[in-house]
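[1] What follows is a predicted structure for the sequence shown.
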Protein chains: 2
Amino acid sequence: MPVIDTDIHPVLDARRLTEILPEPWRTRWASGSRGPGHLGYWNPNGVMRSDTALPDGSRIESTPRNLARHFLGVYGVAYGILNPGDALHIGLSPEPDFAAAVVRDVNEAIAADWLPADARLRASLVVSPADPALAEREIDRVGGHPGFVQVLMPSGAMLPYGNRFYHPVYAAAARHNLPVAIHPGSEGVGVSGAPTAAGYPGSYFEWHTGLVGSYMAHLISLVTEGVFQKFPSLKFVLIEGGVSWLPPLLWRFDKNWKALRQTTPWLDRPPSQIVTEHVLLTTQPIEESNPPEHFHRMLEMFDAGRMLMFSSDFPHWDGDTPEFVARALPPALRPRVMSETARELYRLPEATGG
Amino acid sequence: MPVIDTDIHPVLDARRLTEILPEPWRTRWASGSRGPGHLGYWNPNGVMRSDTALPDGSRIESTPRNLARHFLGVYGVAYGILNPGDALHIGLSPEPDFAAAVVRDVNEAIAADWLPADARLRASLVVSPADPALAEREIDRVGGHPGFVQVLMPSGAMLPYGNRFYHPVYAAAARHNLPVAIHPGSEGVGVSGAPTAAGYPGSYFEWHTGLVGSYMAHLISLVTEGVFQKFPSLKFVLIEGGVSWLPPLLWRFDKNWKALRQTTPWLDRPPSQIVTEHVLLTTQPIEESNPPEHFHRMLEMFDAGRMLMFSSDFPHWDGDTPEFVARALPPALRPRVMSETARELYRLPEATGG
């Protein structure tokens, strides 16, 4: 009997394929592992800075000792909040128990190896939002550790973060007096939906520019769903999601509240007031207007002294140094944005200047 | 043989159900037809103004004669662009041929009954983006009619509008020298994705406040995908999507372009410049800052005189009158925003003041 096999999978020679592929796709192909890795978005700069390798082969961001010597010390950082990136994408895993195990693993490593190593270090306790009951258990497990000053979740999400699904996370955070923060990078990853309100972008450039959309959606959801009425002591930190979109959004938000508050009777004051009391933002990547004064004017349109906190995003590709951010700010705002607001929020002893 | 039927559907008495339901859900229930209609978002104000009914039982927005007498004349509107709402949601139908037939139907009614009735009227030619080839055919069919001054699509979409899927629409619009516009309202409807980058909102208030997200995503997509390089004469109009989010987004956009332009080599100049040359926005619902000067400052941060055009959104619930918008603008901007920019874009004879 003659046989015709209609489905065979050869594994082609990677070198040969690279040879044939034209630029910039050759570089893009070479930048990821073969297979599903290629389905992410390509940042040609890489996600990590390329200049953090030390002569001994280790990297600045890889040990507390390296970080202290080559980053905290160099830039005069009095306190640094560690937000382990490894643990963020995992929150969008389709496997909630695996995700919960990995974030626990990461929190254990931070507690054992990093927090005791340097008095300037604090960390976010990472949870996976895929199973809020497991997240709550993790917060209860390590939320009393004085080195963990915040609960951290990915901003890529299955549902807007005001949704009642997530309220157990906020209840646990509030019980432990911990702010909840979100960090970008996982929009469109795993079981999260499309990274924009219009669907899937076609480049890292498009994806990264549009990240503000997921931040706006989460913020609107948190307020309209009444999270801050239900948990009146809760603070929420929007890390790395942009800054200057806030005032225009609050204008729109307050205007809509006046017309539509009947549907959210629990909101007893304008959304802008609720946001000002409960929400903080971090600086990086700080917007650069042309002329620079436009950005200064924007900072006058919300309570930046109370709501904005310096972040370097070290060692990611587009990080900002303290000098760069301080220069971008009007002098009067510098003390609060560069340290005081974060010192209050995270209850850190008086900053001594590194 | 005894019979147990495990699935029977009674039809309950609607009056009885209404009686039992507490407020505000009783009002919400009564506001929609039973069934899938309840799965949309509830605007307690209704989508249409309640005060446009005339003594003879007709409505202001229902005939060109009524519109002329009770709207254009009253507010001194020299020209009005008709954007038929009926035809917008249909573009998100899962049935592309049905959608194409309905938009053609609407365009025919506009051409036959409205455009000839009043010299002040112009209209958008509505297309369904579900099948760009059919949309192209519709633009070629009626794009030469002098009363149609624009191609209109819903802003709710399956894909960001820069995606190559839609380029035939832009090719046809460019051939006929017509701007392409998008109008909100269908985010989350039909085969569009979730209305925000974080998933489905929980109220009309949340949904409406977050609409800016889909506008930002479409705009970023149009620029990064090179639509304005491919169709250098094309203008794109963002109707009813907000205004003040634009400057901060352009700062972020230009900053990212500097770092990531390698992935979009066709972009030969900063995104802010491309947007300024090709994109226009309409005023309603104009942001109301507190204090009002903040909005004025925002208008100085982009080329508002060239990019912003008055719109009333009549007869929708949150419409703005010309007086209201003119008062909200700095005097120097009024002539261009209230008429001159639109007159140029749509090639309208000199406005005579209605």
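    Ah, there it is.
[2] Am I right that residue A:136 is in a helix?
    Yes. Counting by DSSP: H, G, I helix; E, B strand; the rest coil, residue A:136 is located in a helix.
[3] what pLDDT does it get?
    In this model, residue A:136 is scored at 98, pLDDT.
[4] now do residue A:33
    With respect to pLDDT, residue A:33 scores 50.
[5] tell me the contacts of the closest residue to residue A:348 other than its chain neighbours?
    Among residues not flanking residue A:348 along the chain, residue A:79 sits closest, at 5.1 Å (CB to CB, 6 or more residues apart in numbering or on different chains). Any C-beta I mention is one placed from the backbone N, CA and C, and that applies to glycine too. Residue A:79 is in contact with A:120-122, A:339, A:342-343, A:346, A:348, A:351, counting by CB atoms under 8 Å, 6 or more residues apart in numbering or on different chains.
[6] Out of these, which is nearest to residue A:308?
    Relative to residue A:308, the closest of those is residue A:342; by CB to CB it sits at 9.7 Å.
[7] That closest one contacts residue A:348, doesn't it?
    Yes. Counting by CB atoms under 8 Å, residue A:342 touches residue A:348, with 7.2 Å between them.
[8] Now for the residue nearest to residue A:58 when sequence neighbours are not counted, how many residues are close by?
    Leaving aside its chain neighbours, residue A:58 sits nearest to residue A:66 (5.9 Å; criterion: CB to CB, 6+ apart). Look at residue A:66: counted by other CB atoms under 10 Å in any protein chain shown, it has 16 neighbours.
[9] Please, which helix or strand holds residue A:66?
    In this assignment (DSSP states H and E), residue A:66 forms part of helix A:64-67.
[10] Distance from that helix to the middle of the chain?
    Put simply, helix A:64-67 sits 22 Å off its chain's centre (CA atoms, centre = their mean, to the nearest Å).
[11] if we can go back for a sec, show me which of residue A:342 and residue A:348 is the more surrounded one.
    residue A:342 (24 against 17).
[12] elements contacting whichever helix or strand that one is part of?
    Element membership for residue A:342, per DSSP H and E: helix A:341-345. Using 3 or more CB pairs under 8 Å, 6 or more residues apart in numbering or on different chains; DSSP states H and E as the contact test, the elements touching helix A:341-345 are helix A:304-307, strand A:308-309.
[13] buried stuff in that helix?
    Neighbour counts over helix A:341-345 (16 or more other CB atoms under 10 Å in any protein chain shown) mark A:341-343, A:345 as buried.
[14] Repeat that for stretch A:308-327.
    Using 16+ other CB under 10 Å as the test for burial, stretch A:308-327 gives A:308-320, A:322, A:325-326.
[15] if we look at it, which residues are touching it?
    Outside stretch A:308-327, the residues touching it (CB under 8 Å, 6+ apart) are A:43, A:45-49, A:52, A:59-61, A:71, A:75-77, A:237, A:239-240, A:243, A:280-286, A:299, A:333-334, A:336-339, A:341-342, A:345, B:259.
[16] So which of those sit within helices?
    A:75, A:299, A:334, A:341-342, A:345, B:259 (DSSP state H).
[17] Show me what from the stretch 1-150 of chain A comes close to chain B.
    A:24, A:42-45 (CB under 8 Å from any CB of the partner chain).
[18] Show me which of those is closest to residue B:233.
    Distances from residue B:233 to the residues of the stretch 1-150 of chain A next to chain B, taken by CB to CB, are shortest for residue A:24, at 28.5 Å.
[19] For chain A, name the helix or strand with the lowest mean pLDDT.
    Across the helices and strands of chain A, mean pLDDT, DSSP states H and E gives its lowest value to helix A:25-31, namely a mean of 81.
[20] That helix - contacts with which helices or strands?
    Helices and strands touching helix A:25-31, as assessed by 3+ CB pairs under 8 Å, 6+ apart, comprise helix A:14-20.
[21] Return the alpha-carbon coordinates of the helix it packs on using PDB.
    Provided in PDB are the C-alpha atoms of helix A:14-20 (Å, rounded to 0.1, in the frame of the first residue of the first chain):
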ATOM      1  CA  ALA A  14      18.700  28.100  12.400                       C
ATOM      2  CA  ARG A  15      21.900  29.400  10.900                       C
ATOM      3  CA  ARG A  16      20.700  28.800   7.300                       C
ATOM      4  CA  LEU A  17      17.400  30.700   8.100                       C
ATOM      5  CA  THR A  18      19.200  33.600   9.600                       C
ATOM      6  CA  GLU A  19      21.500  33.800   6.500                       C
ATOM      7  CA  ILE A  20      18.500  34.100   4.200                       C
END
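[22] pLDDT of that helix, averaged?
    85.
[23] list the helices and strands it packs on?
    On a contact count with 3+ CB pairs under 8 Å, 6+ apart, helix A:14-20 meets helix A:25-31.
[24] Check which residues of the helix it packs on are buried.
    For helix A:25-31, burial by neighbour count (16+ other CB under 10 Å) applies to A:28-29.
[25] so how far is that helix off the chain centroid?
    On CA atoms, centre = their mean, the centre of helix A:25-31 falls 27 Å from that of its chain.
[26] Buried ones in the helix holding residue A:66, by neighbour count?
    Within helix A:64-67, the residues that qualify as buried are A:64, A:66-67, counting by 16+ other CB under 10 Å.
[27] I'd like these as CSV, with pLDDT appended.
    What follows is the buried residues of helix A:64-67, written out as CSV (pLDDT from 0 to 100):
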residue, pLDDT
A:64, 97
A:66, 97
A:67, 97
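[28] Chain B: which of the residues you listed is nearest?
    Distance to chain B, by CB to the nearest CB, is smallest for residue A:67 among the buried residues of helix A:64-67, at 24.3 Å.
[29] so who does the closest one touch?
    The contact partners of residue A:67, by CB under 8 Å, 6+ apart, come to A:60-61, A:80, A:118, A:121.
[30] Could you identify the buried members of those residues?
    Among the contacts of residue A:67, those classed as buried by 16+ other CB under 10 Å are A:60-61, A:80, A:121.
[31] ok, so of these, who is nearest residue B:30?
    Within the buried ones among the contacts of residue A:67, proximity to residue B:30 (CB to CB) peaks at residue A:80, which comes in at 56.1 Å.
[32] partner residues bridging that closest one?
    Per DSSP bridges, the residues bridged to residue A:80 are residue A:121.
[33] Does it touch residue A:122 like I think?
    Yes. In this structure, residue A:80 is within contact of residue A:122 by CB under 8 Å, at 7.3 Å.
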